[in-house]
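**Q** Structure of the sequence below:
(2 chains)
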There are 2 protein chains.
Amino acid sequence: MDKKNAFYAQSGGVTAVINASACGLIETARQHSNKIGKVFAGLNGIIGALKEELIDTSEESAQAIAGLRHTPAGAFGSCRYKLKGIEENRAEYERLIEVFKAHNIGYFFYNGGGDSQDTAWKISQLSKTLDYPLTCIGIPKTIDNDLPLTDNCPGFGSVAKYVAVSTMEAGRDVASMAASSTKVFILEVMGRHAGWIAAAAGLAANDDSEPPHIILFPEITFNPEKFIQKVQHTVKQYGYCVIVVSEGVRDESNEFLSAAGLRDAFGHSQLGGVAPVIAGLIKEKLGFKYHWAVADYLQRSARHIASKTDVEQAYALGKAAVEFALAGKNAVLPIIVRKNNQPYEWEIGEAQLSDVANIEKAMPNDYIRDDGFGITPTCRQYLAPLIHGEDYPPYKNGLPQYVTLQNKLVAKKLEAASSLRGI
Amino acid sequence: MDKKNAFYAQSGGVTAVINASACGLIETARQHSNKIGKVFAGLNGIIGALKEELIDTSEESAQAIAGLRHTPAGAFGSCRYKLKGIEENRAEYERLIEVFKAHNIGYFFYNGGGDSQDTAWKISQLSKTLDYPLTCIGIPKTIDNDLPLTDNCPGFGSVAKYVAVSTMEAGRDVASMAASSTKVFILEVMGRHAGWIAAAAGLAANDDSEPPHIILFPEITFNPEKFIQKVQHTVKQYGYCVIVVSEGVRDESNEFLSAAGLRDAFGHSQLGGVAPVIAGLIKEKLGFKYHWAVADYLQRSARHIASKTDVEQAYALGKAAVEFALAGKNAVLPIIVRKNNQPYEWEIGEAQLSDVANIEKAMPNDYIRDDGFGITPTCRQYLAPLIHGEDYPPYKNGLPQYVTLQNKLVAKKLEAASSLRGI
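**A** Numbering: from 1, shown residues only, chains lettered A, B, ... in the order given. Next up is the predicted model:
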């Protein structure tokens, strides 16, 4: 029996370190070339498998693969495309198995969030049903930090560091200007349902006098009166006020404060633009001069200020995925287990895909201060180690030397699938 | 005759490296303590002089002053407060001279943009009129890069690097997502009247295929039809489109595309929010899924990704200001003179305050491509060396170790001024 090839795909919103997981996976697979054949990567994630657009990573040099460790975003392309339930769209699953068969793929590695782990789990079940042996291993990834079981998600630590550093820097800017100019600065950050990213801004402050003075969490219903009072009080006490607001903040009727109504392929609202809403409220009620920023993709792609801890964990998870597969494990994913807080120690653990799929981990209640505007010491203890260490990419002529792969496609062996939804 | 003290003030919008100029100035003054007494810094810029709120920098340790080199924003506070003409408000100028006299100040160092150099020049003239000998030296600073005579302005190089790196990173993010999700990304950057900052994004691209695909300059009247055509063409050709837009872009009736109507103390419009306007247009005309970011203060305070060249020049200008003063020069400012492009070589030159005051340097016409959507090779040649080199601040527990000075005020010797405008 010849050795099987592997399929790897990146899924959902990309991060500063998802390529570090790819790097760990491909480098480790290459070290076990006696057991694993080629690693094929899906062009644009799982869509690449459905369309039989498989990137042959064996065409890439060791140097190029090593460069993935310091390169942000998805080197093979990602996608927002959630497979429906097997009952609803069995053809898609069968198509995947067909492609895997055609290319002698025995290992399926899926690098993504909760939706993707659900897909990976379904595929693992179908391979049993269809009697096509397939080792399915998930690799966690999401800046939202909302996967269960794992102590934290790769991608989050780097966003957390970006947000904390940016809050600290912009906070100093406002403090400099406040006597005669801007008194309020608002930074909008990502986080649809959970306030993990907004919470990370709290790491910038050593005490109440330091920015951010106010954090607005999606977990806390926005109360305009209480908020305005807090802004007024903060400006009176410290001369200025820095606010970090999560895109997911909702009002009393449970509507997002931001107005945008678009939805992505997973059915989530596409948000953005709560900062100007908050700014408008402050202008109307208090008249302070304000500035606002929306970090958007800048926060999740900022490899230049990635957390070293995050990079190391992302790499280790990619590596562990291959090791799990070689150890005969199936339908599992490697996770981060925290062993100790000070000094911070972690190790790789293991979880079942079925226990991770489609479950969002909320922020614990005791991570948000009683007044709803800041983080607790318990939250700080959790978050602090995740931003530890710097891991700068190499630079040339003042710019990071991010790698661009050749992404050569394997020759197709099948007819085009007929039943794919608009891809 | 006893030695004179010095007064130093930071003015206008702060930058990632204005404190590096303060560091160069204070360290150099300390090296010449036989000729220069204490360096007093204005609390919140020139307002500190008017209110006799003088920070005694001699109370700060050598280590704290050295730390200014890697600390963003204005360590002593800045202000947006432009002195009126001498005829209009002679009392303010006389008050300054009164404060300088009371504290034995013989050197006036003003660190700011064109408005501030105008103030410095006026003070130099009044000191002659009032027969109070005062050495007035300007120190250039502005992220807008719009001062004449100097080859570039400290603060700009670091914003340029931030914008180029961020465009490169977010561009890779969009490229990863474009197959099934976001196809257009818009980054709004600063630059009221000149497109220098927007132009810097162009450094991220090696050719037309790379982000940014479109730059919108304030110098080019926005043409919606031509723009939409370009976006459509870009998405068709490359699968996605990254747009960098200057806050100062105007429509055919010369109105800012952004809607905000606030004005700052200098009478400039307070802008922000052109990115969502552009996004709305794309949504309406093309229906592409988009994301947008507004960098705002994040771009000018991002000391973590400062240009080493910029930091060195900012420091050198602060140092040169003291050396000019000691050499008996007056009513001048040190500037950056470019000696060579490849390898980049620069030296300190000298300009008259009167030649710099209130003159804005526009981008040369041949820096913008004929189609109005990008930069020319000539522009690239000018911009490229300004982002060279990295100069990371020290980190502890994952966060930059920016210094916070004690900012102890000198005891007042005068009655409060009666005639100050609302400060």
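**Q** contacting residues for residue A:244?
**A** Contact analysis of residue A:244 by CB atoms under 8 Å, 6 or more residues apart in numbering or on different chains lists A:163, A:167, A:186-187, A:189, A:198, A:201, A:212, A:214-216. To be clear about C-beta, it is placed using only N, CA and C from the backbone, and glycine gets the same treatment.
**Q** that's a strand at it, yeah?
**A** Yes - counting by DSSP: H, G, I helix; E, B strand; the rest coil, residue A:244 is found in a strand.
**Q** For the nearest residue to residue A:157 once chain neighbours are set aside, grab phi and psi.
**A** Sequence neighbours aside, residue A:310 is the residue nearest to residue A:157 in space, at 3.2 Å (criterion: CB to CB, 6 or more residues apart in numbering or on different chains). Residue A:310 adopts backbone torsions of phi -60, psi -50, taken as degrees, to the nearest 10.
**Q** Could you report the neighbour count for residue A:310?
**A** 28 (other CB atoms under 10 Å in any protein chain shown).
**Q** One more: residue A:415?
**A** Counted with other CB under 10 Å, residue A:415 comes out at 8.
**Q** That one in helix, strand or coil?
**A** coil.
**Q** Torsion angles phi and psi at it?
**A** phi -70, psi 150.
**Q** pLDDT wise, what is it at?
**A** At residue A:415 the predicted local distance difference test score is 88.
**Q** Report the contact partners of it.
**A** Contacts of residue A:415 (CB under 8 Å, 6+ apart): none.
**Q** Against residue A:43, how distant is it?
**A** Distance, residue A:415 to residue A:43, using CB to CB, to the nearest Å: 18 Å.
**Q** what domains does the record give for chain A?
**A** A:4-141+A:305-359+A:389-400, A:156-303+A:376-387 (automatic domain parsing).
**Q** what's the distance between the longest one and the middle of its chain?
**A** The reference is to domain A:4-141+A:305-359+A:389-400. 13 Å (CA atoms, centre = their mean, to the nearest Å).
**Q** model confidence over that domain, on average?
**A** Here the average pLDDT along domain A:4-141+A:305-359+A:389-400 is 95.
**Q** gap between the two ends of that domain?
**A** Domain A:4-141+A:305-359+A:389-400 stretches 36 Å from its first residue to its last (CA to CA, to the nearest Å).
**Q** How about stretch A:85-93?
**A** 9 Å.
**Q** Which positions in that stretch come out as buried?
**A** A:86, A:91-93 (16 or more other CB atoms under 10 Å in any protein chain shown).
**Q** any idea which of the residues you listed is closest to chain B?
**A** Taking CB to the nearest CB as the measure, chain B lies nearest residue A:92 of these, at 14.1 Å.
**Q** quick one: the closest one is in a strand?
**A** No - with three-state DSSP as the criterion, residue A:92 is helix rather than part of a strand.
**Q** how about the nearest residue to it, chain neighbours excluded?
**A** residue A:83 (5.5 Å).
**Q** got it, and residue A:354?
**A** residue A:121 (5.2 Å).
**Q** For that neighbour, give its distance to chain B.
**A** 21 Å (CB to the nearest CB, to the nearest Å).
**Q** ranges for the strands of the stretch 151-300 of chain A?
**A** A:184-189, A:214-216, A:241-246, A:290-294 (DSSP state E, counting those that start in this stretch).
**Q** so the third one versus strand A:290-294, what angle?
**A** Okay, so that is strand A:241-246. 30 degrees (axes from the mean of the first three to the mean of the last three CA atoms, to 10 degrees).
**Q** TSV for the strands of the stretch 151-300 of chain A, including mean pLDDT?
**A** As requested, those are exported to TSV (pLDDT from 0 to 100):
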stretch	mean pLDDT
strand A:184-189	97
strand A:214-216	98
strand A:241-246	98
strand A:290-294	96
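**Q** can I get these in JSON lines with distance to residue A:326?
**A** Converted to JSON lines, the strands of the stretch 151-300 of chain A look like this (distance: least, CB to CB, whole Å):
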{"stretch": "strand A:184-189", "distance to residue A:326": "39"}
{"stretch": "strand A:214-216", "distance to residue A:326": "44"}
{"stretch": "strand A:241-246", "distance to residue A:326": "40"}
{"stretch": "strand A:290-294", "distance to residue A:326": "44"}
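**Q** Please name the residues that touch the residue nearest to residue A:92.
**A** Applying CB under 8 Å, 6+ apart, we find residue A:83 in contact with A:46, A:89, A:92-93, A:119, A:122.
**Q** Quick check: residue A:115 is in a strand.
**A** No - counting by three-state DSSP, residue A:115 is located in no strand; its state is helix.
**Q** That one: neighbouring residues, count only.
**A** Using other CB under 10 Å, residue A:115 has 20 other residues around it.
**Q** can I assume it is in contact with residue A:358?
**A** Yes - counting by CB atoms under 8 Å, residue A:115 touches residue A:358, with 7.0 Å between them.
**Q** Give the other helices and strands that the helix or strand that contains residue A:96 contacts.
**A** Using DSSP states H and E, residue A:96 falls within helix A:90-102. With contacts taken as 3 or more CB pairs under 8 Å, 6 or more residues apart in numbering or on different chains; DSSP states H and E, helix A:90-102 sits against helix A:46-50, strand A:105-112, helix A:114-129.
**Q** now what about it, what contacts it?
**A** A:7, A:46, A:49-50, A:52, A:54, A:83-84, A:86, A:105-106, A:108, A:122-123, A:126-127, A:130, A:132, A:134, A:413-414, A:417, A:419-420.
**Q** Narrow those to those that are buried.
**A** By 16+ other CB under 10 Å, those give A:7, A:46, A:49-50, A:52, A:54, A:83, A:86, A:105-106, A:108, A:122-123, A:126-127, A:132, A:134, A:417 as buried.
**Q** ok, and for stretch A:335-344, which residues are buried?
**A** A:335-336, A:338.
**Q** Can you pull the residues of the stretch 1-150 of chain A lying near chain B?
**A** A:10, A:13-14, A:16, A:43-45, A:47, A:71-75, A:77-81 (CB under 8 Å from any CB of the partner chain).
**Q** In a markdown table, list the buried residues of stretch A:335-344 along with distance to chain B and secondary structure.
**A** Putting the buried residues of stretch A:335-344 into a markdown table (distance: CB to the nearest CB, whole Å; DSSP: H, G, I helix; E, B strand; the rest coil) gives the following:
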| residue | distance to chain B | secondary structure |
| --- | --- | --- |
| A:335 | 22 | strand |
| A:336 | 17 | strand |
| A:338 | 16 | strand |
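**Q** could those residues go into TSV alongside distance to residue B:315?
**A** Shown next, in TSV, are the buried residues of stretch A:335-344 (distance: CB to CB, whole Å):
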residue	distance to residue B:315
A:335	47
A:336	42
A:338	42
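**Q** mind listing the strands for the stretch 301-423 of chain A?
**A** Assigned by DSSP E, counting those that start in this stretch, the strands in the stretch 301-423 of chain A fall at A:332-340, A:345-352, A:395-396, A:399-400.
**Q** Show me how far stretch A:178-198 is from its chain's centre.
**A** On CA atoms, centre = their mean, the centre of stretch A:178-198 falls 20 Å from that of its chain.
**Q** buried residues in it?
**A** Those would be A:178-192, A:194-198, for stretch A:178-198 by 16+ other CB under 10 Å.
**Q** Which ones among those residues map onto helices?
**A** The members of the buried residues of stretch A:178-198 that map onto helices under DSSP state H are A:196-198.
**Q** Just send these back as CSV, with distance to chain B and pLDDT too.
**A** Shown next, in CSV, are these (distance: CB to the nearest CB, whole Å; pLDDT from 0 to 100):
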residue, distance to chain B, pLDDT
A:196, 16, 98
A:197, 14, 98
A:198, 16, 98
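**Q** Using CSV, lay out those together with distance to residue A:142.
**A** Listed next are these as CSV, based on distance: CB to CB, whole Å:
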residue, distance to residue A:142
A:196, 10
A:197, 11
A:198, 15
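**Q** which non-adjacent residue is nearest the residue lying farthest from the centre of chain A?
**A** The C-alpha centroid of chain A is most remote from residue A:180, which lies 39.3 Å away (CA atoms, centre = their mean). Counting by CB to CB, 6+ apart, residue B:79 is the residue found nearest to residue A:180 once chain neighbours are left out, at 4.2 Å.
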